[in-house]
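Q: Structure for this input, please:
(one chain, ligands or ions: 1)
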Amino acid sequence: MFEFITKFFQQEPVPESIKTEIRQTVQKSPIVVFSKSYCPYCTQTKETFNKFNPVIIELDQIPDGGFIQRGLQELTGQRTVPNIFINKEHIGGNSDLQNLKKSGELYKLIN
Ligand SMILES: N[C@@H](CCC(=O)N[C@@H](CS)C(=O)NCC(=O)O)C(=O)O
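A: Next up, the predicted model:
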């Protein structure tokens, strides 16, 4: 019984192909935001990047979104969205982005 319950709650491991896809996406575009369409923090992030043509991946609107979110957690240690990358560098979430904006560091990273 215990084994059954453990198995029931055990998650399938994140396929290596998903992690490769995340790495490739981050390599290809200067600004990448892993987002969820209903998330208010993501909305603020998208507004902040408005003029910079970011690549936005809405995890709640794609079939592998759950795997990608777990893959991001394995790769970056961050589970929440938005999960932001600028020039291949992991920035963190919206609060990290807003801090970078306030300090003026953000525009140095983007340019
Ligand atoms: N401090 C974080 C908060 C982000 C946050 O709490 N995001 C929520 C969605 S609005 C989240 O990822 N919840 C877990 C989930 O959706 O799996 C930030 O500034 O990015």
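Q: List the residues that contact the residue in the chain that the ligand sits nearest to.
A: Here the residue of the chain nearest the ligand is residue 93; by CB to the nearest ligand atom that distance is 2.5 Å. Just so you know, the C-beta spots here come from the backbone N, C-alpha and C atoms, and that holds for glycine as well. Neighbouring residues of residue 93 by CB atoms under 8 Å, 6 or more residues apart in numbering: 41, 78, 80, 81, 82, 83, 84.
Q: and if we set it to 6 Å?
A: Each residue near residue 93 by CB atoms under 6 Å, 6 or more residues apart in numbering is listed here: 80, 82.
Q: just residue 69 next, same as before
A: Neighbouring residues of residue 69 by CB under 6 Å, 6+ apart: residue 59.
Q: Could you do residue 59 as well?
A: Listed by CB under 6 Å, 6+ apart, the contact set of residue 59 reads 34, 36, 65, 68, 69.
Q: quick one: which of these sit in strands?
A: The strands, defined by DSSP state E, take in residue 34 from those.
Q: Can you add pLDDT and give the contacts of residue 59 back as CSV?
A: Listed next are the contacts of residue 59 as CSV, based on pLDDT from 0 to 100:
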residue, pLDDT
34, 98
36, 98
65, 98
68, 98
69, 98
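Q: out of the contacts of residue 59, what pair is the most spread apart?
A: Distance extremes for the contacts of residue 59: the farthest pair is 36 and 68 at 11.1 Å, using CB to CB.
Q: tell me, how many neighbours does residue 10 end up with?
A: Neighbours of residue 10 under the rule other CB atoms under 10 Å: 8.
Q: Could you report the distance from it to residue 4?
A: Going from residue 10 to residue 4 by CB to CB, to the nearest Å gives 11 Å.
Q: can you check residue 64 too?
A: Separation of residue 64 from residue 4 (CB to CB) stands at 27 Å.
Q: When those two are compared, which one has more neighbours?
A: residue 64 (14 against 7).
Q: What pLDDT does the model give that one?
A: For residue 64, the pLDDT comes out at 96.
Q: Strands of this protein, residue ranges please.
A: Assigned by DSSP E, the strands in the chain fall at 31-35, 55-58, 83-86, 89-92.
Q: Of those, give the one that comes closest to residue 102.
A: Residue 102 lies closest to strand 89-92 among these, at 13.8 Å (CB to CB).
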